[in-house]
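Engineer: the sequence isn't on hand, but the structure is:
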């Protein structure tokens, strides 16, 4: 290769990294930036509490359902093609979100955003992997990881600034120019590579998995209003279970499954999957409700609320940089367990320290400790998810890990919201001495100051705190389960086996089958 060819290759690598990092930042910041704007969106659209949940969950559901599918499409048609298609869909959907005339239109546009986001999420790292090798690849992935941390860290602040200064619609409009520039870069500077051995799309797997997740989340969102024992809710749960069981059967019968169940034969992969789901459902899903507490409960503006979340989000970016060498030397199981244990402690502190008379500073110790825990857990999750499988299976392992994270977020938003609404209703009904379901729904969606007369402000705030405390405590317990799974199931010898390209041979499996299982 002459100097000119080397220069062109270097430029191609650089611009690929810029395109992937730009898309990743836009994709992930859209999770946290929207949370800060939700109370403002509610007031403009007079949206219900469940509408607000669906603004988050419609996006998360499509992400979780289609990440693995997008990876399969990228193998068949090329990573560049799928990446650009995802960018175009995401950019168009962002514009539609910005011009939404009502909550149902916004929810639909958010679902479309999730479709594009899944394609971007599934192919971003793969594009880096095809352009970089050796130490350069490690540096490129580190830059991508820093982008992820930055997106999580500054999302609430950006959301507050934009919502206060320009209006909530610009939370979505800002994606449009970024998306257009990134599409142009990717189209000109990246190459399209596909897997010649890729098989047809697993349509049955896509439909059963996404259907199961949708029915489950719908049951959680509707359970409080329709009654947990009602025919509708029970039918939704049963339908979700049947579809999930069907998905497992379908994947076990596939020659090249979209979701390879054999990976769960490794205890470490099972442990990291449980931990990933737990932190998504228990902590990331709690952030929207912390935002509601700051704005609807304590009366802060979007910018003021976003600033008060920074003690938790900034450590997500800083801690991985500070502990990079420590993380390399420390066994992954105890490291992930410690990170999740800190998240648990942070949520319990927040749950027990807030009261009807406390200010936002009651959240501060828990926010800081939770942020440190997330900063420890995030890189460790990536390390384990990729480290327990041979390199040739790392794409699927990464896709499954991301699916568990986003599925946890979607499930947690619905489940914690149901618990919040139930505790809020019970507390308010007890304080008023009469059923207060309708008033509780109004308080949950619109906040205290815009809903109740001054004479009811004190019991309403007490009820709001009760609901928020209950969901934080529940979230902490969910994350604690993930911490326990990490410590018990993640073993160093699984990582060593994967590094050697070997996986434990299941009882009754032939040597040829075991060799085939490792890829």
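Structural biologist: Perfect, thanks for sending it. Note that the structure is predicted; figures quoted are calculated from it, not measured.
Engineer: excluding chain neighbours, give the residue nearest to residue 34 in space.
Structural biologist: If the residues on either side of it in the chain are set aside, residue 34 comes closest to residue 171, at 6.1 Å by Cβ to Cβ, 6 or more residues apart in numbering. For every residue, glycine as well, the C-beta is placed using N, CA and C.
Engineer: got the phi and psi for residue 47?
Structural biologist: phi -80, psi 150 (degrees, to the nearest 10).
Engineer: quick one on the thing from earlier: give me the pLDDT for the residue nearest to residue 34.
Structural biologist: In this model, residue 171 is scored at 88, pLDDT.
Engineer: how about residue 6?
Structural biologist: 42.
Engineer: one step back: what's the first helix or strand after the helix or strand containing the residue nearest to residue 34?
Structural biologist: Using DSSP states H and E, residue 171 falls within helix 170-173. Toward the C-terminus, helix 170-173 is succeeded by helix 175-189 as the next helix or strand (DSSP H and E).
Engineer: got a list of contacts for that next one?
Structural biologist: Helix 175-189 is touched from outside by 11-12, 15-16, 18-19, 22-23, 26, 30, 80, 83-84, 87-88, 90-91, 94-95, 98, with contacts defined as Cβ atoms under 8 Å, 6 or more residues apart in numbering.
Engineer: now do stretch 208-220
Structural biologist: Stretch 208-220 is touched from outside by 57, 61, 64-66, 233, 236-237, 239-241, 243-244, 246-247, 250, 259, 407, 410-411, 414-415, 417-418, with contacts defined as Cβ under 8 Å, 6+ apart.
Engineer: so which of the residues you listed are in helices?
Structural biologist: 57, 61, 64-66, 233, 236-237, 239-241, 243-244, 246-247, 250, 407, 410-411, 414-415, 417-418 (DSSP state H).
Engineer: now find how far off-centre the host helix or strand of residue 366 is within its chain.
Structural biologist: Using DSSP H and E, the element containing residue 366 is helix 364-387. Distance of helix 364-387 from the chain centroid (Cα atoms, centre = their mean, to the nearest Å) equals 13 Å.
Engineer: now that helix: buried residues?
Structural biologist: 364, 366-387 (16 or more other Cβ atoms under 10 Å).
Engineer: one more: stretch 297-310?
Structural biologist: 297-298, 300-303, 305-310.
Engineer: just those residues: which are in helices?
Structural biologist: Here DSSP H is the test, and the buried residues of stretch 297-310 give 302-303, 305-310 as lying in helices.
Engineer: possible to save these as a markdown table with distance to residue 463 and pLDDT?
Structural biologist: Shown next, in a markdown table, are those (distance: Cβ to Cβ, whole Å; pLDDT from 0 to 100):
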| residue | distance to residue 463 | pLDDT |
| --- | --- | --- |
| 302 | 23 | 86 |
| 303 | 27 | 86 |
| 305 | 20 | 86 |
| 306 | 25 | 84 |
| 307 | 26 | 87 |
| 308 | 22 | 89 |
| 309 | 23 | 86 |
| 310 | 28 | 86 |
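Engineer: what's the nearest residue to the residue nearest to the spatial centre of the chain if we skip its chain neighbours?
Structural biologist: What sits nearest the mean C-alpha location of the chain, by Cα atoms, centre = their mean, is residue 406, with 3.6 Å. Residue nearest to residue 406 in three dimensions, not counting chain neighbours: residue 64, with 4.0 Å by Cβ to Cβ, 6+ apart.
Engineer: pull up the gap between that neighbour and residue 321, please.
Structural biologist: With distances taken as Cβ to Cβ, to the nearest Å, residue 64 is found 28 Å from residue 321.
Engineer: okay, the two: which has more neighbours?
Structural biologist: Counted by other Cβ atoms under 10 Å, residue 64 and residue 321 do not tie: residue 64 has more neighbours, with 27 against 13.
Engineer: surely the more buried one touches residue 410?
Structural biologist: Yes - using Cβ atoms under 8 Å, residue 64 makes contact with residue 410 at a distance of 5.8 Å.
Engineer: hang on, residue 422 packs against residue 225?
Structural biologist: No - the criterion here is Cβ under 8 Å, and residue 422 misses it with residue 225 at 10.7 Å.
Engineer: so where do the strands sit in the chain?
Structural biologist: Shown for the chain, no strands are assigned by DSSP state E.
Engineer: so it: which segments form each domain?
Structural biologist: The record's domain split for the chain, according to automatic domain parsing, is 1-199, 203-253, 265-519.
Engineer: follow-up on the earlier one: and the helix holding residue 366, what does it pack against?
Structural biologist: helix 134-165, helix 267-282, helix 302-322, helix 324-329, helix 332-353, helix 394-432, helix 492-499 (3 or more Cβ pairs under 8 Å, 6 or more residues apart in numbering; DSSP states H and E).
Engineer: could you rerun that using 6 Å?
Structural biologist: Applying 3 or more Cβ pairs under 6 Å, 6 or more residues apart in numbering; DSSP states H and E, we find helix 364-387 packed against helix 267-282, helix 302-322, helix 332-353, helix 394-432.
Engineer: any idea how far the third one is from the chain center?
Structural biologist: What separates the centre of helix 332-353 from the centre of its chain is 18 Å, taken as Cα atoms, centre = their mean.
Engineer: could you check the angle helix 364-387 makes with that helix?
Structural biologist: 160 degrees (axes from the mean of the first three to the mean of the last three Cα atoms, to 10 degrees).
Engineer: ok, now the shortest one?
Structural biologist: With the same axes, to 10 degrees as the basis, helix 267-282 and helix 364-387 are set at 150 degrees to each other.
Engineer: ok, now the second one?
Structural biologist: Per the same axes, to 10 degrees, the angle that helix 302-322 makes with helix 364-387 is 50 degrees.
Engineer: again, but for the last one
Structural biologist: Orientation of helix 394-432 against helix 364-387 (the same axes, to 10 degrees) gives an angle of 150 degrees.
Engineer: still on that earlier bit, contact partners for the residue nearest to residue 34?
Structural biologist: 33, 37, 159, 162 (Cβ atoms under 6 Å, 6 or more residues apart in numbering).
Engineer: could you dump these to a markdown table with distance to residue 485, neighbour count and pLDDT?
Structural biologist: Output for the contacts of residue 171, formatted as a markdown table (distance: Cβ to Cβ, whole Å; neighbours: other Cβ atoms under 10 Å; pLDDT from 0 to 100):
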| residue | distance to residue 485 | neighbour count | pLDDT |
| --- | --- | --- | --- |
| 33 | 31 | 27 | 79 |
| 37 | 34 | 25 | 85 |
| 159 | 32 | 28 | 82 |
| 162 | 38 | 23 | 87 |
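Engineer: returning to that earlier point: buried subset of the contacts of helix 175-189 as a ChimeraX selection?
Structural biologist: Of those, the buried ones can be selected in ChimeraX as follows, counting by 16+ other Cβ under 10 Å:
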select :15,16,18,19,22,23,26,30,80,83,84,87,90,91,94,98
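Engineer: please tell me how far the nearest residue in space to residue 356 that is not next to it in sequence sits from residue 70.
Structural biologist: Closest residue to residue 356 apart from its sequence neighbours, by Cβ to Cβ, 6+ apart: residue 462 at 4.5 Å. Between residue 462 and residue 70 the computed distance is 46 Å (Cβ to Cβ).
Engineer: with residue 271 instead?
Structural biologist: Applying Cβ to Cβ to residue 271 and residue 70 gives a distance of 26 Å.
Engineer: check residue 163 too.
Structural biologist: 30 Å.
Engineer: kindly report the same for residue 414.
Structural biologist: From residue 414 to residue 70 the distance is 23 Å (Cβ to Cβ).
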